[in-house]
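**Q** Prediction below, plus the sequence it came from.
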Amino acid sequence: MIKVKNNKMRMTLALFLLPALLIYILFQIVPLIGAVFFSFMEWNGIGGSALQFVGVKNYIGAFQNPDFILSLKNMFKMVVFSVLFHTPIALVMAAVINTKCKGYRIFKALFFVPTVFPLTAVGLMWYFVFMPTGVFNSFLKVIGLGGVAQAWLVNPATAMNTIVFVNIWAGVGYYMVILLAGLTTISEDVYEAAAIDGANKLQCFFQITVPMLKPTIAMCILMDIIGSVKVFDLVFAMTGGGPNGLTNLPTTLMYNEAFKYSHYGLGSAIGIIIMVICLAGTMLSNKLTSKKNDE
Amino acid sequence: MSTMNKKAKVKQNPGGIVAKYAFLLVMAFVFAMPMVFTLLSSVKTKTEIFAKPFDLPAVFQWGNYIEAWQAANMSRYFINSIIQAGATVIVLALVSSMAAYVLSRFQFKGNKFLVLFFMLGMMVPMHTVLVPVSYIIGTLNLKNNIPALVLIYVAFSLPFSIMVMSNFMRGVNHSLEEAALIDGATYFQIYRKVMLPLCVPAISTISIFNFLSAWNNILFPLLFINDKNLKPIALGLLNFNGERGSDYGPLMAAIVITVAVPLVMYLLFQEKVEGGLAAGAVKE
């Protein structure tokens, strides 16, 4: 590190930082402060019109709003099932691909590639698959399960589950790649020692791979929680929150409330609640993982 | 190879190998199915898509692509996304490398605070700022203003970019920089002639990332843009679906066009995309 000695040098370095600071403050920090401010205000959405201070009314309104409670339940479902499926499936994928078996590069690319696609395109892709006349129902008929065929994204009983499934599909590759990177840090010697002791593959996986990957697994779960809370594009492209708002998440609900129905105060309050949920998730899992590391 | 053979190997029973490939093939089916279906349907007629979903088309309907590209405005959306994502990438590379240079190479009061201050942005979900941003757009008349849209992309990608750039710069050897200082080079010259060329790997990592996230974003364009001719492709695709939702062939072609650029980028820079992702994740 070079020590900053005089004011002239300080001025030069400030000029280097200035563009980043300006853009960051103007387009991220100011809106963030604005978000907190707006959540205590009522505003009709017309630029330049008056704001009215209403205190915590927007927050109370949010928690008394059955649509918001439903969106929280949907979010909870999304988080729980994403966490249950993403990391375990990704872990098995990573372990199998790490054996460098035949065609592993193709499998890896195939599992990973959905994560670089725009989620609107992924959502539409699956929307057509799950359409009443779509390929999924045709497939069910071919394998003799025609009776199960239905309008997956229209039926209230299946719509949310279908979206949760697509979210799992779209994210697995991401966690697989992170876990693969983690796997490369485990030394071959450990497995060799286990082999000498007569361990089989399955024992190696549960006794060596999983415990040694614990920090990486914990991080995947944390990112998954935050990522699942922030899902928006998929719902927006597949159902728009319908049927009857049944598949709304807090993110799509806040978008609809603010920009469709001009309930800006409520929208802002939900926006802040989303951030608080993400922060709480981060702190909780940080606490859990740091405790584990102390042991 | 000879040393490899001496090493003890964990026994692999034949059942395990079968299970392994069974798992891989089932997963491959689940992952390939929607993509293959979309690709196949993009060259079929509407009747074929529904009547024979698993067959190849009788005649390849390349016209679907022409229809999507020209009549459905996908060419316009495509160019818009190239411009918007391209501009975001360039501004971010410049601005984040300059900031990272100071934060990673110089010791001064407030350095730590600034690093934390920039990291704070990683905790802010885009949804949290939508209402204030739309208020700012309304008040300052920024609707359909592409530079403003680019700057908000830049702001949201700055924390990640600065983090990756500073981590990389911290590992750069100091001797070149010191030699340049003794030769009387200014700090700007050192940044421009010494640091930037050395940081090309990190710049390409963040650039691929920033390009993909700008290409895939719809949230900010939803707020900023109502002029059809300025929409980026991820949003234009939804527009197309909204306007002509039953033109299935051309719609499927439009989906293929939308994912083509990220797909090609991934195939070209596979290691970079995966490596950068893991690196970004470890630090988060």
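**A** Noted; the coordinates are in hand.

**Q** wait, what's in contact with residue 78?
**A** Just going to use chain A. A:Ile163, A:Val164, A:Asn167, A:Ser228, A:Val229, A:Val231, A:Leu249 (CB atoms under 8 Å, 6 or more residues apart in numbering or on different chains). In short, each C-beta sits where N, CA and C put it, glycine included.

**Q** My question was about chain B, not that one.
**A** B:Phe78 makes contact with B:Ile233, B:Ile257, according to CB under 8 Å, 6+ apart.

**Q** switch the cut-off to 10 Å
**A** B:Trp69, B:Pro232, B:Ile233, B:Gly236, B:Ala254, B:Ile257, B:Thr258, B:Ala260, B:Val261 (CB atoms under 10 Å, 6 or more residues apart in numbering or on different chains).

**Q** helix or strand for the closest residue in space to the first one that isn't next to it in sequence, which one?
**A** To tie it back to what came earlier, the one meant is B:Trp69. With CB to CB, 6 or more residues apart in numbering or on different chains as the criterion, B:Trp69 has its nearest non-adjacent residue at 5.0 Å, and that residue is B:Ser75. In this assignment (DSSP states H and E), B:Ser75 forms part of helix B:74-105.

**Q** which outside residues touch the helix or strand just after that helix?
**A** Heading C-terminal from helix B:74-105, the first helix or strand you meet, by DSSP H and E, is strand B:106-107. With contact meaning CB under 10 Å, 6+ apart, strand B:106-107 is reached by A:Met1, A:Ile2, A:Lys3, A:Val4, A:Met9, A:Arg10, A:Leu13, A:Phe16, B:Tyr187.

**Q** Contacts only, for the fourth one.
**A** Contacts of A:Val4 were listed using CB under 10 Å, 6+ apart, and they are A:Arg10, A:Thr12, A:Leu13, B:Val102, B:Phe106, B:Gln107, B:Phe108, B:Lys109, B:Asn111.

**Q** Which of the residues you listed has the largest number of neighbours?
**A** Counting neighbours by other CB atoms under 10 Å in any protein chain shown, B:Val102 leads the contacts of A:Val4 with 24 neighbours.

**Q** distance of that residue from B:Phe188?
**A** Relative to B:Phe188, B:Val102 is positioned 11 Å away (CB to CB, to the nearest Å).

**Q** Now do the shared contacts for the two.
**A** Common neighbours of B:Val102 and B:Phe188 (CB under 10 Å, 6+ apart) are A:Thr12, A:Leu15, A:Phe16.

**Q** closest to A:Tyr104 among those residues?
**A** A:Phe16 (44.3 Å; CB to CB).

**Q** Tell me which helix or strand the closest one sits in.
**A** helix A:7-24.

**Q** Buried ones in the next helix or strand after that helix, by neighbour count?
**A** Using DSSP H and E, the helix or strand that follows helix A:7-24 towards the C-terminus is helix A:30-38. The neighbour-count check on helix A:30-38 (16 or more other CB atoms under 10 Å in any protein chain shown) flags A:Val30, A:Pro31, A:Leu32, A:Gly34, A:Ala35, A:Phe38 as buried.

**Q** helices and strands around helix A:30-38, which ones?
**A** helix A:264-294, helix B:130-140, helix B:146-170 (3 or more CB pairs under 10 Å, 6 or more residues apart in numbering or on different chains; DSSP states H and E).

**Q** quick one on the thing from earlier: among the shared contacts of B:Val102 and B:Phe188, which one has the lowest pLDDT?
**A** pLDDT across the shared contacts of B:Val102 and B:Phe188 is lowest for A:Thr12, at 88.

**Q** excluding its backbone neighbours, what's nearest that residue?
**A** A:Thr12 sits nearest to B:Tyr187 (CB to CB, 6+ apart), 5.4 Å away.
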